[in-house]
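S.K.: curious how this folds, go ahead:
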Amino acid sequence: MTNSLITKKIIANSLKTLMETKSFHEISVSDIMQSCQMRRQTFYYHFVDKYELLGWIYKEETKENIEDFLDYEKWENIFDLLMDYFYENQRFYRRAFKVTDQNSFNQYLFEHTKNLYIKIIDELLTDKPIHISEANKNMVASFYSHGFVGTIKDWIEHHCSVQPSVLSSLIKEMIRNQLLLLEQSGNKPE
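M.R.: Residues are numbered from 1 along each chain as shown. Below is the predicted model of the structure:
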């Protein structure tokens, strides 16, 4: 890990820690840098403003929890890891979901989970007599991704009242059942 990446992660962790008790709009760059005991100028060497920092957190952490696992981890395990991650970071994300000005977390999560759903569809339809066009696959992946983002947002806003493993199991079961229904109906979308 480069020094630049380490510094960015320290700054990011400082913002995440501050957001556990304050709203994003109440936190200044000075607060962030004071919290991680670095000079304010260091912040501007890495980020334009706190919105860019917030976007970087979303991008890096969604990538670390979804994209980095796509090629070698079973999709079921990715959902388990994601639910545990959101559960552990729920206070930060409860406040992060309220930031809608720039760099909305909803959009970052949607984009990354859509790629995950495309992988799931491809994997579940392997050796099945169903053909789904790329356009339809994208539509189905978008549908599930929007549903996933909404579900995660509601779950976090309600203080993760359902255990992560239970929520993960429910989501995985819904995905499997939908594709089984498609197969059983003999539907062959083009």
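S.K.: just give me the longest helix of the chain.
M.R.: Using DSSP state H to define each element, the chain has its longest helix at helix 134-157.
S.K.: and that one, how far out from the chain middle?
M.R.: 11 Å (CA atoms, centre = their mean, to the nearest Å).
S.K.: flag every buried residue along it.
M.R.: 137, 140, 141, 144, 145, 148, 149, 152, 153, 155, 156 (16 or more other CB atoms under 10 Å). Glycine gets a C-beta too; all of them are placed from N, C-alpha and C.
S.K.: so which of those residues comes closest to residue 71?
M.R.: residue 141 (17.2 Å; CB to CB).
S.K.: which residues touch the most centrally placed residue in the chain?
M.R.: Central residue of the chain (CA atoms, centre = their mean): residue 109, 3.8 Å from the mean position. Counting by CB atoms under 8 Å, 6 or more residues apart in numbering, residue 109 touches 58, 62, 148, 149, 152.
S.K.: residue ranges with poor pLDDT in the chain?
M.R.: Where the chain drops to pLDDT under 70, the residues are 1, 102-103, 179-190.
S.K.: can you pull out the helices in it?
M.R.: With DSSP H as the criterion, the chain has helices spanning 3-19, 29-35, 40-46, 50-65, 75-88, 90-96, 105-124, 134-157, 164-184.
S.K.: how far off helix 105-124 does the longest one point, in degrees?
M.R.: Here helix 134-157 runs at an angle of 130 degrees relative to helix 105-124 (axes from the mean of the first three to the mean of the last three CA atoms, to 10 degrees).
S.K.: just want the angle from helix 134-157 to helix 164-184.
M.R.: Going by the same axes, to 10 degrees, helix 134-157 makes 160 degrees with helix 164-184.
S.K.: one step back: quick one: which two of the contacts of residue 109 are the most distant?
M.R.: Among those, 58 and 148 lie farthest apart (CB to CB), at 15.1 Å.
S.K.: residue 168 contacts residue 79, doesn't it?
M.R.: Yes. Residue 168 is within contact range of residue 79, at 4.7 Å (criterion: CB atoms under 8 Å).
S.K.: these two: who's more crowded?
M.R.: residue 79 (24 against 21; other CB atoms under 10 Å).
S.K.: quick one, what contacts residue 144?
M.R.: Residue 144 neighbours (CB under 8 Å, 6+ apart): 113, 117, 175.
S.K.: how near is the last one to residue 168?
M.R.: By that I understand residue 175. Distance, residue 175 to residue 168, by CB to CB, to the nearest Å: 11 Å.
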